[in-house]
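In: would you be able to build a 3D model of this:
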Amino acid sequence: MKYLIAPSAYKGSLSASQLAHAIASGIRRRNPNAPVDLLPIADGGDGTIEALRTALGGTLNFTDVSGAVGQPTKAVWLVLDRAESGPEPGSSPISKTAKLPDEQMNEQNDKSPIGSHRDRGSKRAPEKSPGKLSQIAIVELASACGLAALQDRLAALEANTLGIGQVLQACLDHGYGNIVVTVGGSASTDGGMGVLTALGAKFYNKAGQILPSGGAWLGQIDSIDLSALDERCASTNLQVATDVKNPLLGPEGAAHVFGPQKGASVEDVLLLEDGLRHYADRLEKTTRRTARHQPGAGAAGGTAFGMACALGAPIIPGFEWLAELIDLEERLKNADVVVSAEGHLDTQSISGKATGELAFMCRKYGKPFIMLPAISDATVDWSEYGITAVFPTAKPGRLATIYDVEKSAELINAESLRK
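Out: I've put the predicted structure just below:
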């Protein structure tokens, strides 16, 4: 029986690659000769670059940026050649020599960062070589200004996306004409105000003062000046990959659904909702584009909306984009059982995220689908969503360890596959 092991990361705890190896170890304790295909995955949130780097290789780059609350942060971004963006049939499912982002980050800590925002120079793009036109730069918001980095310092109203705009500047400075921004795992609800500010936009209040970036100031915007917006954006194939399908506003929008996860109180959520609506009115009027109702516009606190509206960047489903790059569907078809993982399995897991999309794919091809989350919502009948069995790994009040994951993976047996 061949297993496809395709976990997402336990955010802030275990990487997708660590989980893949731990699950394989647990399965092989019961069946030492079980064939396994290790394929760490992501849906546009934390770990997207790691998943792509593990499956496809590529070149890692590092840029010093301003984190979600202004803290110095070293953001990582990945460059893939077109030839790397789709594995050849029969190719190795996982690179044995490729170093993961955290390993290369340790090596780079004492080196000068590539594309530091403190050394941008001119906004005129360098002449693009044929090589760079055939490459894709992949930027991960979670690395630049993500929620996990804040831990207990959540700042629902002040956090911003300035850092991801600074990484975009680095990509433009290096001449990349194809850029995908993956926007899951954000700490902010600023509608992409920070991204646009980093690229040259100015947001003014009624007194004519330039506003800082952050959800707290969205409602104070009186006018928006995009005249200094980096002109290179217009000639760049820029896309926004999202991990959710939520619109910008309303009960399923950015503030109501994701604001509390970022530390927003009930009052904060109402303030952010009103601010996003006001911001959308101003930005759509300025750009003459309407983007608030697009699926995924509410991703990353409305960052997808801001980039779609001001930069004309198409919003694409992150999981579908990544799955195509790593040839996930073909590898799933060749497996007998699919095993995945994520930190918290709840009903949000099935809304455009990796778990829900994998479950759909498994139903399509009649494959048993096993989940090993750190924790799960025990009130949900997961079989209704195409999940065959769920084995939580974390002990009450504790983070899951590699050992915990291995022990849970040992529970995958013939009986669990028949559920």
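In: before we move on, which element is the nearest residue to Gly192 once chain neighbours are set aside in?
Out: Spatial nearest neighbour of Gly192, chain neighbours left out: Gly306 (2.2 Å); criterion: Cβ to Cβ, 6 or more residues apart in numbering. Where C-beta positions appear, they are placed from N, C-alpha and C, glycine not excepted. In the assignment (DSSP states H and E), Gly306 maps to helix 299-311.
In: so Trp321 sits right up against Val180, yeah?
Out: Yes. Taking Cβ atoms under 8 Å as the definition, Trp321 is a contact partner of Val180 at 7.1 Å.
In: returning to what we had before: got the buried residues for the helix holding Gly306?
Out: Across helix 299-311, burial judged by 16 or more other Cβ atoms under 10 Å covers 299-311.
In: dump those into TSV; add distance to Ala9 and pLDDT as well.
Out: Below are the buried residues of helix 299-311 laid out as TSV (distance: Cβ to Cβ, whole Å; pLDDT from 0 to 100):
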residue	distance to Ala9	pLDDT
Ala299	18	96
Ala300	17	96
Gly301	20	97
Gly302	24	98
Thr303	20	98
Ala304	21	98
Phe305	26	98
Gly306	26	98
Met307	24	98
Ala308	26	98
Cys309	30	98
Ala310	30	97
Leu311	28	97
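In: other residues contacting the helix or strand Arg29 falls within?
Out: For Arg29, the element it lies in under DSSP H and E is helix 16-30. Helix 16-30 has contacts (Cβ atoms under 8 Å, 6 or more residues apart in numbering) with 3, 5-10, 14, 34, 36, 38-42, 47, 50-51, 54, 94, 100, 339, 341, 372, 402, 405-410, 412-413.
In: in ChimeraX, select just the buried ones from those.
Out: The following ChimeraX line selects those of the contacts of helix 16-30 that are buried, judged by 16+ other Cβ under 10 Å:
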select :3,5,6,7,8,9,10,14,34,36,38,39,40,41,42,47,50,51,54,94,100,339,341,372,405,406,407,408,409,410,412
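In: from the contacts of helix 16-30, which land in strands?
Out: 3, 5, 36, 38, 339 (DSSP state E).
In: and the first one, what are its bridge partners?
Out: Beta-bridge partners of Tyr3, counted by DSSP bridges, are Val36, Val337.
In: pretty sure it sits against Leu332.
Out: No. Contact criterion Cβ under 8 Å: Tyr3 and Leu332 do not qualify, at 11.1 Å.
In: what sits up against the longest helix seen in the chain?
Out: Longest helix of the chain, by residue count under DSSP state H: helix 266-287. Outside helix 266-287, the residues that touch it by Cβ under 8 Å, 6+ apart are 156-157, 189, 191, 193, 215-219, 221-224, 226, 248-249, 253-256, 259-260, 264, 290-292, 302, 305-306, 309-310.
In: ranges for the strands of the stretch 151-300 of the chain?
Out: Per DSSP state E, counting those that start in this stretch, the stretch 151-300 of the chain carries strands over the ranges 178-182, 202-204, 223-225, 237-242.
In: and the ones you listed, which is most packed in?
Out: A comparison of the strands of the stretch 151-300 of the chain by mean neighbour count, using mean count of other Cβ atoms under 10 Å, puts strand 178-182 on top with a mean of 26.
In: that strand pairs with which strands, and in what direction?
Out: Counting by DSSP bridges, the strands paired with strand 178-182 are strand 135-140 (parallel), strand 237-242 (parallel).
In: for the residue nearest the centre of the chain, which non-adjacent residue is spatially closest?
Out: Residue closest to the average C-alpha location in the chain (Cα atoms, centre = their mean): Gly45, at 1.8 Å. What sits nearest to Gly45 in space, not counting adjacent residues and going by Cβ to Cβ, 6+ apart, is Gly184, at 2.5 Å.
In: how many other residues sit next to the one you found?
Out: Gly184 is flanked by 29 other residues according to other Cβ atoms under 10 Å.
In: try Tyr403
Out: 12.
In: and the pLDDT at it?
Out: Per-residue confidence at Tyr403 stands at 96 (pLDDT).
In: can you check the one 3 residues further on too?
Out: Glu406 is assigned a predicted lDDT (pLDDT) of 96.
In: tell me the contacts of it?
Out: 22-23, 25-26, 29.
In: of the residues you listed, buried ones?
Out: Using 16+ other Cβ under 10 Å as the burial test, the contacts of Glu406 include 22-23, 25-26 as buried.
In: which helix or strand in the protein has the lowest average pLDDT?
Out: helix 101-108 (a mean of 40; mean pLDDT, DSSP states H and E).
In: could you dump the strands of the stretch 151-300 of the chain to TSV with distance to Lys74?
Out: As requested, those are exported to TSV (distance: least, Cβ to Cβ, whole Å):
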stretch	distance to Lys74
strand 178-182	17
strand 202-204	27
strand 223-225	31
strand 237-242	22
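In: just the pLDDT for the nearest residue to Gly146 once chain neighbours are set aside.
Out: Excluding the flanking residues, the one nearest Gly146 by Cβ to Cβ, 6+ apart is Gly185, at 4.5 Å. The model reports Gly185 with a pLDDT of 89.
In: tally of neighbours for Gly185?
Out: 25.
In: wait, it sits on Ala148?
Out: Yes. Between Gly185 and Ala148 there is a contact under Cβ under 8 Å: 6.5 Å.
In: okay, and the common contacts of the two?
Out: Common neighbours of Gly185 and Ala148 (Cβ under 8 Å, 6+ apart) are 11, 46, 142.
In: mind putting those into JSON lines with distance to Arg277 and neighbour count?
Out: Output for these, formatted as JSON lines (distance: Cβ to Cβ, whole Å; neighbours: other Cβ atoms under 10 Å):
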{"residue": "Lys11", "distance to Arg277": "29", "neighbour count": "20"}
{"residue": "Asp46", "distance to Arg277": "28", "neighbour count": "28"}
{"residue": "Ala142", "distance to Arg277": "26", "neighbour count": "29"}
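In: go through these and flag which are in helices.
Out: Per DSSP H, these map to helices at Ala142.
In: which one of the shared contacts of Gly185 and Ala148 is nearest Thr63?
Out: Nearest to Thr63 out of the shared contacts of Gly185 and Ala148 is Ala142 (Cβ to Cβ; 14.3 Å).
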